[in-house]
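1. Using only what follows, build the 3D model:
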Amino acid sequence: MDKFKDFFPVFLDLEDIRVLVVGAGQVAARKIGGLIDASAAVTVVAPKISPDVEQRAAKGEITVIRGKYQSDMLDGMSLVFAASSNKALNRRVSNEARKRCIPVNTADSPSECTFILPAVIRGEGFTAAISTGGKNPGAARALREFLEAHRAEVSVRMERGRRRPQIAARKGTVYIVGAGPGNPDLLTVRALGLLRSADAVIHDYLIPEEILSLAPNKAVRVCFAKRGRTAGHGAATKQDAIHRMMVKLAKEGKSVVRLKSGDPMMFGRGGEEAAFLSHAGIPFEIVPGITAAVGCAAAANLPLTQRGLSSSVTLAAGHEAGDKGEDALDWKALPKSGTIAIYMGIARVEAIARELSEAGFDKETAFAIVENGTRPEQRIIRGRLKDLPKIAVKTNVCSPAILFVGRTAQQMAKTIPILSMTPDCDKPKCLKAKKPFR
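-> Residues are numbered from 1 along each chain as shown. Next up, the predicted model:
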């Protein structure tokens, strides 16, 4: 029984290196093809040559010796493959090569090898080699097949790795980075590179652990904004503390990623933070992200615009209370034929429904709430504007959530299966909700 070994993984430069292959059948032909690709100087010895090997010899790619193997054929060889169908001959070749300290690979006999061949997958700019040390070739092939099935993802990760030195965070600089709606796969390449190289990360509770875990273990994490009322997320005292922390960490010589849910310039106070950093003389960069309305709409198969239904999109902050005077949102000014995406409005759904109705919106206008959009716990709740407050209460809608109002929300309801609730049902047909966000 073969005694398995632990092999040292290594890639060899075989250009113009003399290699002897004993055997010329199917097994040998596979090895010969790889050696030719590596530009090796290949000599094949066998009494009978297969058609594939004959074709390569005719093209001048290899040298063929028709006859029996002789020990002196090892002279001047740097690598040997014993790949005949005769196990006794393979064992002899292996023994004689090892006596001469020539690396040898013996087909189907790991114990008689001084090196083995891994399962290989090649892509643009990379070669991946997988080995189980000869113990389980089938498992190695299965891993190779998995990588081949995910070749596109491997290529993306290769590109990220290639660009990583270019996008590493600089010391003493603050990066105001959009983290997207919550799914780590929706981070931009630049956001990922900066996050992975950051010395410090400033964030709030909307950033999921799956994204925060991409930062180095040694990175300082500072969390602002615990769960609470939406209107309190941007409290002045809290924002001042964020400003001071960004400057403090940057002046300590750290590379700082100020991580924001969605896009930092869309209801994220990114402009205020950039202005503060500029005034303090701190270098900064703004890195855009997928804003929540776009991400949630895509995750819910909800078109923001669609020919014949909506030719405009309005992004609005739903926590803008009417007592703010001129700064309050003027619902009457919004186009009633377009799509409205309302951020941070869950705590005010009753007031929003009333204000939209008073602004002339039809009470039969469709709405859709996308809660935790793009995340595994995503759910979608729909109905008519007149029933919005009752449905929101019965379904225990939680933040983060985006409220979509308009005919495209109804279009979504007609074309895809979603979690839904009608106003006359006793229980919502949706996932069990977390504690209501109020």
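
2. so H243 sits in a helix?
-> Yes: going by DSSP: H, G, I helix; E, B strand; the rest coil, the assignment for H243 places it inside a helix.

3. list the contacts for T63?
-> 41-44, 57 (C-beta atoms under 8 Å, 6 or more residues apart in numbering). C-beta coordinates here come from the backbone N, C-alpha and C atoms, glycine included.

4. Average pLDDT for stretch 410-418, rounded please.
-> Averaged across stretch 410-418, pLDDT comes to 56.

5. Offset the numbering so it begins at 674, please.
-> From this message on, residue numbering opens at 674, which makes the last subject stretch 1083-1091.

6. Which parts of the stretch 974-1111 of the chain are helices?
-> Assigned by DSSP state H, counting those that start in this stretch, the stretch 974-1111 of the chain shows helices spanning 1022-1031, 1061-1067, 1080-1088.

7. Please apply the same query to the stretch 724-873 of the chain.
-> Secondary structure of the stretch 724-873 of the chain (DSSP H, counting those that start in this stretch): helices at 724-731, 760-772, 810-822, 824-840, 862-869.

8. how about TSV for the helices of the stretch 974-1111 of the chain, with distance to S934 and mean neighbour count added?
-> Listed next are these as TSV, based on distance: least, C-beta to C-beta, whole Å; neighbours: other C-beta atoms under 10 Å:
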stretch	distance to S934	mean neighbour count
helix 1022-1031	20	19
helix 1061-1067	21	20
helix 1080-1088	22	18
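
9. tell me the phi and psi of R980?
-> R980 adopts backbone torsions of phi -60, psi 130, taken as degrees, to the nearest 10.

10. residues near A923, how many?
-> 23 (other C-beta atoms under 10 Å).

11. circling back to that earlier point, please identify which of the contacts of T736 is nearest to G935.
-> The closest of the contacts of T736 to G935 turns out to be V715 (C-beta to C-beta; 57.9 Å).

12. how far is the host helix or strand of A702 from where the chain is centred?
-> For A702, the element it lies in under DSSP states H and E is helix 699-710. A distance of 36 Å separates the centroid of the chain from that of helix 699-710, by C-alpha atoms, centre = their mean, to the nearest Å.

13. Just the CA trace of that helix, in PDB.
-> Output of helix 699-710 as PDB, limited to C-alpha atoms (Å, rounded to 0.1, in the frame of the first residue of the first chain):
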ATOM      1  CA  GLN A 699      -3.200   8.800 -23.100                       C
ATOM      2  CA  VAL A 700      -1.700   9.400 -19.600                       C
ATOM      3  CA  ALA A 701       1.700  10.400 -21.100                       C
ATOM      4  CA  ALA A 702       0.000  12.600 -23.800                       C
ATOM      5  CA  ARG A 703      -1.700  14.700 -21.100                       C
ATOM      6  CA  LYS A 704       1.600  15.300 -19.400                       C
ATOM      7  CA  ILE A 705       3.300  16.000 -22.700                       C
ATOM      8  CA  GLY A 706       0.800  18.700 -23.500                       C
ATOM      9  CA  GLY A 707       1.400  20.500 -20.300                       C
ATOM     10  CA  LEU A 708       5.100  20.300 -20.700                       C
ATOM     11  CA  ILE A 709       4.900  21.800 -24.200                       C
ATOM     12  CA  ASP A 710       2.800  24.700 -22.900                       C
END
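
14. Go ahead and flag the most central residue of this structure.
-> For the chain, D858 is the residue whose C-alpha lies nearest the centre (C-alpha atoms, centre = their mean; 3.7 Å).
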